[in-house]
Every structure is written in structure tokens, then in C-alpha cells.
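S.K.: Give me a 3D structure for the following:
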Amino acid sequence: MTYTAWQLGANPWIWHSPVTTEALGETLPRLAGWGFDAVELPLEQPDDWEPAAAAKLLDATGLTPAAVVAVMPDGRDLVRADQGTLRATQDYLRRCVDAAHAIGAPVVAGPVYAAVGRTWRMDRAARAAAYEEWREHIAPVVEYAARAGVRIAVEPLNRYETSLFNTVAQTLEGLAGLPEASIGIALDTYHQNIEEHSLPQAVRTAADRIAHVQVCANDRGAPGADHLDWPGFLRALGESGYRGALCIESFTAHNDAIAVAASVWRPLAPTQDALATDGLAFLRRALAAL
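M.R.: Residues are numbered from 1 along each chain as shown. As a prediction, the model looks like this:
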């Protein structure tokens, strides 16, 4: 494939949380002006931004909606949860699907299984049971998404943020039996750097189940300002057949919700703008060199 054909995107979380209609109105024109091709749209609460207004902004800026990003704070769980929590979480994920369908985003991506930061010990039998329970509870959402033409992208997180899905191999085990066309894996280089022995091998293991890709440095800074094997990662991604966008996901330290959940305690670049633009420039160079 021609690696430079990948669209490169960014997440407004680099500057804002929550991401509202107003935040999109401020951020999307700047992303387009810097030369980004695409954007992720996180949806912390179902009414944070209006899909019709977001669609107009996307059309005006020419940015492709790469994904709607689902957010899993305390109280959103599909495993070891009461019926009320399960129903509310499924309803929230359906709202994410509705938003994705309305703006033309192909995927809903995120840790769509348990609240970020929720961990518990499991032996092999308990893990298998937890995966079976999760499959049962995510299945109605997957069916709903399939009818809307949206794919669910399950993001494995590092060990400090979850104990359920940390690696690509674990995520594939959890996905067993669910329809490949409707649910896959969201790769995030930050988490894979912590949990996988090799970024390229993680990509090769995920192979054609890759539904979305998020990129950042090992400390969540700008891609390239790090020790990651970007040539190996990008070559493996090309060999996998992935054709979606590569989206820079990072966060501002000046936020009480997302920054705390992601343990962002300090600035990760000279400015948030530099985090985005330096990352974009690095990715363009890295792809052109392949």
C-alpha cells in the first residue's frame, strides 16, 4: 500500500474536556488549517455535542470523522454490574452509535467493557467467565451498531486502568464468536507500549481485526518525541491491511476528569498546539520514509 494514503487525525481532548459543540467549533477549523485530514469526536456525555452541528462543521472544514470515542467513567460497566448499570451502559453506547451514524463516522472506539480504573484479580477460569459475560452484554450493542453501519472498536488498556483487556491477545480472546465485520480492536500506542513485547508484533497479532488506531508518544506526548519503533509499527500496520485513520490522542493536564483518569499531571509538549502539529509533522515524515 501507499503509506501516505492514510488519513491523519487528532482528538480535541488535546485541548478540551468535555468536548462540546462550542469546543468543536473552535478546534476543527484549526485542525484543518494545520493540515490534518481527520478528527476523533469523544462523547463523554450523550448531549455534549449536537450531531447535526458537528456534521456541518465537518463538512465546512473537510475533516473526515474517524471515530466517535466512547468514554467509560465510574458507573459505566458491562461486567460484574447490576442490571441498571448494564442497561444504562448499553443505552449510552447506543447513543454513541447514533452519533457516529449521524456524522458518518465508521467506528465507535474505546474501552467498551468496564469503567477506566476498575481492576480486580482473575484466575484463568474467572477471566474466561468475565469474557463470556462481556460478550453477552456487548452483543446487543454490536447488533445495533451493525444495523447502523458502524463498527465497534474495543480498546485494550494498560494494567493500571483495567484488568480485563490489557493485550491484543486477550482482546482477541474476548472477541471470539462476535462478528468480525461489526466489532474489532482499537490499537493505542500508549497502552501497547506498556503491555506488549513489540509494537509491530501486536499489530500482526491483531491483523484484520484492527478497526481503529490511536497514536501518541510513550508518555502521551507528540508521536516521535519518544523511543517507540515507529517504522516497525507503521510497516506492520500497512501489512495488516488497515485502511482507517491514525489519530493523535492526548490530553490537557488542566482538567479534573479526563486528565485525572489518564494520569496526565504535567504538560507533555511546549504547548498543546505543538503536541498536535509536531506529531502531525513527524507522522508525515515517518510515512514518507517507508
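
S.K.: give me the element the residue at the greatest distance from the centre of the chain is part of.
M.R.: Residue farthest from the centre of the chain, counting by CA atoms, centre = their mean, is residue 125 at 28.4 Å. Residue 125 belongs to helix 124-148 when assigned by DSSP states H and E.

S.K.: Would you mind listing the outside residues contacting that helix?
M.R.: 78-80, 86, 89-90, 93-94, 97-98, 100-101, 108, 112-113, 122, 151-152, 164, 170, 173-174, 176-179, 181-183 (CB atoms under 8 Å, 6 or more residues apart in numbering). C-beta: built from backbone N, CA, C; applies to glycine.

S.K.: which parts of it are buried?
M.R.: Within helix 124-148, the residues that count as buried by 16 or more other CB atoms under 10 Å are 127, 130-131, 133-135, 137-139, 141-142, 144-146.

S.K.: do the same with stretch 41-57
M.R.: Using 16+ other CB under 10 Å as the test for burial, stretch 41-57 gives 41, 42, 43, 44, 48, 49, 51, 54, 57.

S.K.: just stretch 209-229 next, same as before
M.R.: Applying a neighbour-count criterion of 16+ other CB under 10 Å, one finds 209-217, 219-226, 228 buried in stretch 209-229.

S.K.: And stretch 276-284, by the same measure?
M.R.: Here stretch 276-284 shows 276, 277, 278, 279, 280, 282, 283 as buried, counting by 16+ other CB under 10 Å.

S.K.: And stretch 243-250, by the same measure?
M.R.: 244, 245, 246, 247, 248, 249, 250.

S.K.: swap in stretch 177-186?
M.R.: For stretch 177-186, a neighbour-count test (16+ other CB under 10 Å) marks 178, 182, 183, 184, 185, 186 as buried.

S.K.: Which residues outside the helix or strand of the chain with the lowest mean pLDDT are in contact with it?
M.R.: Sorting the helices and strands of the chain by mean pLDDT, DSSP states H and E puts helix 258-261 at the bottom, at a mean of 76. Identification of contacts with helix 258-261 by CB under 8 Å, 6+ apart yields 13, 17, 44, 71, 73, 116-117, 161, 251-253, 264-265.

S.K.: Looking at the buried residues of stretch 177-186, which one is closest to residue 62?
M.R.: Proximity of the buried residues of stretch 177-186 to residue 62 (CB to CB) peaks at residue 186, which lies at 24.2 Å.

S.K.: if we can go back for a sec, in helices only, show me the buried residues of stretch 276-284.
M.R.: Residues of the buried residues of stretch 276-284 located in helices (DSSP state H): 276, 277, 278, 279, 280, 282, 283.

S.K.: rewinding a little: helix or strand next in line after the helix holding residue 125, which one?
M.R.: Next along from helix 124-148, by DSSP H and E: strand 151-154.

S.K.: Tell me which of the contacts of helix 124-148 fall in helices.
M.R.: Per DSSP H, the contacts of helix 124-148 map to helices at 86, 89, 90, 93, 94, 97, 98, 100, 101, 170, 173, 174.

S.K.: neighbour-wise, which of these leads?
M.R.: In terms of neighbour count, residue 100 stands highest of the ones in helices among the contacts of helix 124-148 at 28 neighbours, by other CB atoms under 10 Å.

S.K.: Report the buried members of the contacts of helix 258-261.
M.R.: 13, 17, 44, 71, 116, 117, 161, 251, 252, 264.

S.K.: what's the last one in contact with, if anything?
M.R.: The reference is to residue 264. Applying CB under 8 Å, 6+ apart, the residues near residue 264 are 220, 250, 251, 252, 253, 258.

S.K.: Let's verify it: helix, strand, or coil?
M.R.: coil (DSSP: H, G, I helix; E, B strand; the rest coil).

S.K.: Next: the fifth one.
M.R.: Residue 116 falls in the coil class when you classify it by three-state DSSP.

S.K.: So it is in contact with residue 163, correct?
M.R.: No. Using CB atoms under 8 Å, residue 116 is not in contact with residue 163, being 11.6 Å away.

S.K.: Once you drop chain neighbours, what's closest to residue 57?
M.R.: residue 28 (4.9 Å; CB to CB, 6 or more residues apart in numbering).

S.K.: Oh, that last question was meant for residue 119, not what I typed.
M.R.: In space, and not counting its chain neighbours, residue 119 is closest to residue 163: 4.0 Å by CB to CB, 6+ apart.
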